[in-house]
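Asker: The following comprises the amino acid sequence and a computationally predicted model.
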Amino acid sequence: MDVLSDAIAAVRVGQPASNRLRAGSAWCYRFAPYEGAGFHVLLRGSGWLLPDDGTPVPLGPGDAVLVPHGGAHTLSSTPDATGAVPFEAAVAEPDGRTEFLCGKYRLAHARRHPLLASLPEVVHLPAEVGRHPELRAAIDLLGGEVADRRPGSATVLTGLLDLLLVYLIRAWLDGHPGTGWPQALRDPEIAAALEALHEHPEAPWRIEDLAARVGLSRATLARRFTALTGRPPMAYLTWWRLTTAARLLQDTDLPLPSIAAKVGYASAFAFSHAFKRQFGVAPGGFRTAGDGNAA
């Protein structure tokens with residue numbers, strides 16, 4: 001299984017959205033905090049992204065920015081947020097010199113994967129010739145689709161927005177190869193252990209079984225896995241089982257015994273007890289809440 005794909009699927013709620021806007025010589029738009037992640041791509045002109053808690057980020061043509069935790073921020077033509085208006089109230093100027101593409105993904109932070117949690121408040125990917133060609137291709141396709149809505153656009157946009165999120169995160173991972181989760185995904189044995197747990201969370205894993213599968217001693221696996229992911233292997237497995245269960249509760253009508261079996265619990269009672277310990281609410285209550293954020 002693909003850990004990054006699983007990490008995104010575990011927190012996805014609803015459909016992503018995007019729009020394209022042209023602005024004049026002076027503009028300043030405010031983005032309130034939200035339950036998800038946002039992105040901005042400056043297609044033409046220049047500007048600034050101003051995090052509420054952070055250093056202003058200068059933007060040039062082709063720059064992409066991901067706000068992975070949905071923090072409040074401002075887009076502005078200057079490094080000053082004075083006079084900002086809500087982005088929802090922005091009025092497009094057909095002849096504006098600045099053009100940008102903005103969008104957001106609704107994500108359930110209550111079950112956020114630690115890989116996504118490890119991302120900084122702002123991921124800035126400057127446009128550089130020859131770097132991140134897949135990301136650049138997705139931006140070009142997305143910009144064209146938003147500008148010219150044609151038959152099938154709803155389906156195309158959803159797919160392109162999903163691609164863009166993956167490519168933005170990949171680009172950040174590529175730029176931080178020697179630390180934490182980026183290193184975990186590059187370490188052959190740790191990556192293999194993660195893939196095994198993701199592929200078969202229902203299996204009766206023991207630390208010795210996992211260590212034998214990836215060719216490490218129990219002690220070495222535990223040490224390296226914990227250092228890179230922040231959790232011991234069996235603790236990560238428990239967390240992933242329950243996170244997978246949370247997604248199944250939200251996205252399917254499977255009865256509790258079926259979900260319990262899919263994530264490695266012998267009974268619905270044992271599953272319910274573990275689930276409430278992690279999410280603070282019983283599985284039935286979590287499902288009734290309906291938005292993945294019952295915790």
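Answerer: Structure received.

Asker: in what helix or strand does Thr288 lie?
Answerer: helix 283-289 (DSSP states H and E).

Asker: That helix packs against which elements?
Answerer: Using 3 or more CB pairs under 8 Å, 6 or more residues apart in numbering; DSSP states H and E, the elements in contact with helix 283-289 are helix 233-251, helix 256-262, helix 268-279. C-beta: built from backbone N, CA, C; applies to glycine.

Asker: List the buried residues of the first one.
Answerer: For helix 233-251, the buried set under the neighbour-count rule, 16 or more other CB atoms under 10 Å, comprises 233, 236-238, 240-250.

Asker: re the thing from before, as a markdown table, the helices and strands packed on helix 283-289 with mean pLDDT would be great.
Answerer: Shown next, in a markdown table, are the helices and strands packed on helix 283-289 (pLDDT from 0 to 100):
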| stretch | mean pLDDT |
| --- | --- |
| helix 233-251 | 95 |
| helix 256-262 | 96 |
| helix 268-279 | 95 |
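
Asker: Reformat the ones you listed as JSON lines; add distance to Ala108.
Answerer: Listed next are the helices and strands packed on helix 283-289 as JSON lines, based on distance: least, CB to CB, whole Å:
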{"stretch": "helix 233-251", "distance to Ala108": "8"}
{"stretch": "helix 256-262", "distance to Ala108": "17"}
{"stretch": "helix 268-279", "distance to Ala108": "11"}
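
Asker: do you know which of those helices lies nearest Glu121?
Answerer: helix 233-251 (22.6 Å; CB to CB).

Asker: chain center to the closest one: distance?
Answerer: Distance of helix 233-251 from the chain centroid (CA atoms, centre = their mean, to the nearest Å) equals 17 Å.

Asker: Also stretch 137-148?
Answerer: From the chain centre to the centre of stretch 137-148 is a distance of 21 Å (CA atoms, centre = their mean).

Asker: related to what we said a few turns ago, quick one: closest of the helices and strands packed on helix 283-289 to Arg218.
Answerer: helix 233-251 (9.3 Å).
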